[in-house]
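# A structural model of the following input is requested.
(2 chains)
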2 protein chains.
Amino acid sequence: MSETIKKRLGKVPSIRRLPLYLDRLIDCKNKGITIVTSSELAKEMGMLPIVVKKDLQLVEPPTKKRAGYLVDGTIDAIQSFLDWHQPYSAVLIGVGNLGSALLGYHGFNGINFIGAFDIDKAKIGQSIHGVPVHDLNHFSSFATKKKIDIVILATPASVAQETVNKISMSPIKAIWNFTPAKLHVLPHIALQREDLSAGLAELCAKIKHNKQQSFF
Amino acid sequence: MSETIKKRLGKVPSIRRLPLYLDRLIDCKNKGITIVTSSELAKEMGMLPIVVKKDLQLVEPPTKKRAGYLVDGTIDAIQSFLDWHQPYSAVLIGVGNLGSALLGYHGFNGINFIGAFDIDKAKIGQSIHGVPVHDLNHFSSFATKKKIDIVILATPASVAQETVNKISMSPIKAIWNFTPAKLHVLPHIALQREDLSAGLAELCAKIKHNKQQSFF
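All right, here's what the predicted structure looks like:
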């Protein structure tokens, strides 16, 4: 396996854990802590110190020799790495149960909802968790007036691709797909599928481990 | 870094991709295809063949020399690896927007909902996506009568830990935590946190890559 592929395979899990470090470091900052070691972070997060070191290496955090990571600087390094200094502006398409839950989810650090879209006349004009719901047919004119970074897709899977086709000519940077549909997008649009089955597979492997004490 | 830790770090992303392979292989089976190569799977899934090989190696799939993976046998190997031959029986706690969405999510292969729980009298007695909602105070007597493998937690974060404390003495195997709360559980209970921020971090790294063409 080439070095590049090895590196690429190794980075994604580390990137996915960065928000956890960010939460923890902001906690430290709020408590007045200015330096923290990998062992302290690891203990607090239920992880191995070696994993913490490997993960944070990715963002090149500032350290003080033999003392640990500088809290402020490491927060800054993570935010720079993810471009989270300014929240990304996001819209949600498909205001069903899942869509409404996402609009009200309190765990997102990096995004700011500026609108939601649906085709259901009963929902258009309403405000869900403070976010106004617009007619999906007005998406294109909305997108030319306001800067949209991320489209969060929570439509039924059966209409996911046609919805994507409809919005792809508007200036958007990324689609975060919460439907089980496999989507095809233009190459300039970043795509992330949120696959709930992935977490289920990980959990089932853990259950098996608890039975056999051999896997992980 | 020790060999064991390297191995453990490497396995989780592969495990998380297994449901995607399963979906794809079941598709093949339904089309009457009996042998498939790693290149064909890779093309179909938008991945590198080397990654497909590495991922499937984990489940020791049966192959035919120079021809590829045996479709039936590989489906079986993945299901054995995840213990998915029989679906896990699951209950959901917290029938809000997210909870309702999870009860109606059509992407889960490995679980079968046998009930839901809430403390809201207006929800108790209802049926959501065909799943009956019970009073959380009756959880313990329910759990002694029916076998519960997985508890899916979708309560408000503020009551997540106290809910877990309440149910931990019942015979359950695993908790799948959809709240942003960091939970402490007894060692015999497997725990998986579904962290939506992880996917957001991955997406933001991709957006940055699309800008810089350098990262991935």
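# next structured bit after the longest strand along chain A?
In terms of residue count, the longest strand belonging to chain A (DSSP state E) is strand A:111-118. Per DSSP states H and E, the first helix or strand lying C-terminal to strand A:111-118 is strand A:127-128.
# mean confidence for that following strand?
On average, the pLDDT along strand A:127-128 is 92.
# so that strand, near chain B or not?
No. Using C-beta under 8 Å from any C-beta of the partner chain, strand A:127-128 never reaches chain B; the gap is at least 9.2 Å. No exception for glycine: its C-beta is placed from N, CA and C like everyone else's.
# quick one: that strand to chain centroid distance?
From the chain centre to the centre of strand A:127-128 is a distance of 22 Å (C-alpha atoms, centre = their mean, to the nearest Å).
# same question for stretch A:100-113.
Offset of stretch A:100-113 from its chain centre (C-alpha atoms, centre = their mean): 10 Å.
# for A:Y69, which three-state class applies?
Per DSSP: H, G, I helix; E, B strand; the rest coil, the secondary structure class of A:Y69 is strand.
# strands paired with the longest strand of chain A, and their directions?
strand A:88-93 (parallel), strand A:131-135 (parallel) (DSSP bridges).
# quick check: buried residues in that strand?
Within strand A:111-118, the residues scored as buried using 16 or more other C-beta atoms under 10 Å in any protein chain shown are A:I111, A:F113, A:I114, A:G115, A:A116, A:F117, A:D118.
# what do you get for stretch A:168-175?
A:I172, A:K173, A:A174, A:I175.
# start to end distance for stretch A:182-191?
End-to-end distance for stretch A:182-191, by C-alpha to C-alpha, to the nearest Å: 10 Å.
# for A:A42, report the pLDDT, please.
At A:A42, pLDDT is 88.
# any regions of chain A where pLDDT drops low?
Scanning chain A for pLDDT under 70 picks out A:1-10, A:106-107, A:209-216.
# output the longest helix belonging to it.
helix A:3-30 (DSSP state H).
# which is the next helix or strand following that one?
With secondary structure assigned by DSSP H and E, helix A:3-30 is succeeded by strand A:35-36.
# and chain B, which of the buried residues of stretch A:168-175 reach it?
Checking the buried residues of stretch A:168-175 against chain B (C-beta under 8 Å from any C-beta), the matches are A:K173, A:A174.
# tell me which of the strands paired with strand A:111-118 is the most buried.
Comparing the strands paired with strand A:111-118 by mean neighbour count (mean count of other C-beta atoms under 10 Å in any protein chain shown), strand A:88-93 comes out on top with a mean of 23.
# so what touches that one?
A:99, A:102-103, A:110-118, A:131, A:136, A:139, A:142, A:146-155, A:163, A:167, B:204, B:207 (C-beta atoms under 8 Å, 6 or more residues apart in numbering or on different chains).
# the helix or strand that that strand is followed by close to chain B?
Once the chain leaves strand A:88-93, the next helix or strand it forms, by DSSP H and E, is helix A:97-103. Yes. Helix A:97-103 lies within reach of chain B by C-beta under 8 Å from any C-beta, at A:N97, A:L98, A:S100, A:A101, A:L102.
# so what touches helix A:97-103?
Contacts for helix A:97-103 (C-beta under 8 Å, 6+ apart): A:92-93, A:95, A:113, A:116, A:118, A:128-129, A:131, A:152, A:154, A:178, B:96-98, B:100-101, B:104-105, B:196.
# equivalent analysis for stretch A:35-42, please.
With C-beta under 8 Å, 6+ apart as the criterion, stretch A:35-42 contacts A:21, A:24-25, A:28, A:47-49, A:51-53, A:56, A:64, A:67-71.
# can you select the buried ones among those for me in PyMOL?
The buried residues among the contacts of stretch A:35-42 can be selected in PyMOL (16+ other C-beta under 10 Å) with this line:
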select buried, chain A and resi 21+24+25+28+47+48+51+52+53+56+68+69+70+71
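# picking up where we left off before, so which of the strands paired with strand A:111-118 is nearest B:L183?
strand A:88-93 (27.3 Å; C-beta to C-beta).
# return that closest one as CSV; C-alpha atoms alone will do.
Provided in CSV are the C-alpha atoms of strand A:88-93 (Å, rounded to 0.1, in the frame of the first residue of the first chain):
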residue,chain,number,x,y,z
TYR,A,88,-20.3,27.9,7.7
SER,A,89,-23.7,29.1,6.5
ALA,A,90,-26.1,26.2,6.0
VAL,A,91,-29.6,25.4,4.7
LEU,A,92,-31.6,22.3,5.3
ILE,A,93,-33.8,20.7,2.7
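# what's the spacing between that strand and its chain's center?
12 Å.
# and stretch A:151-159, by the same measure?
The mean C-alpha position of stretch A:151-159 is separated from the chain mean by 17 Å, C-alpha atoms, centre = their mean.
# the closest residue to A:P49 other than its chain neighbours is in what secondary structure piece?
Spatial nearest neighbour of A:P49, excluding adjacent residues (C-beta to C-beta, 6 or more residues apart in numbering or on different chains): A:A42 at 4.2 Å. Element membership of A:A42, judged by DSSP H and E, is helix A:38-45.
# A:C204 too?
With DSSP H and E as the test, A:C204 turns up in helix A:196-212.
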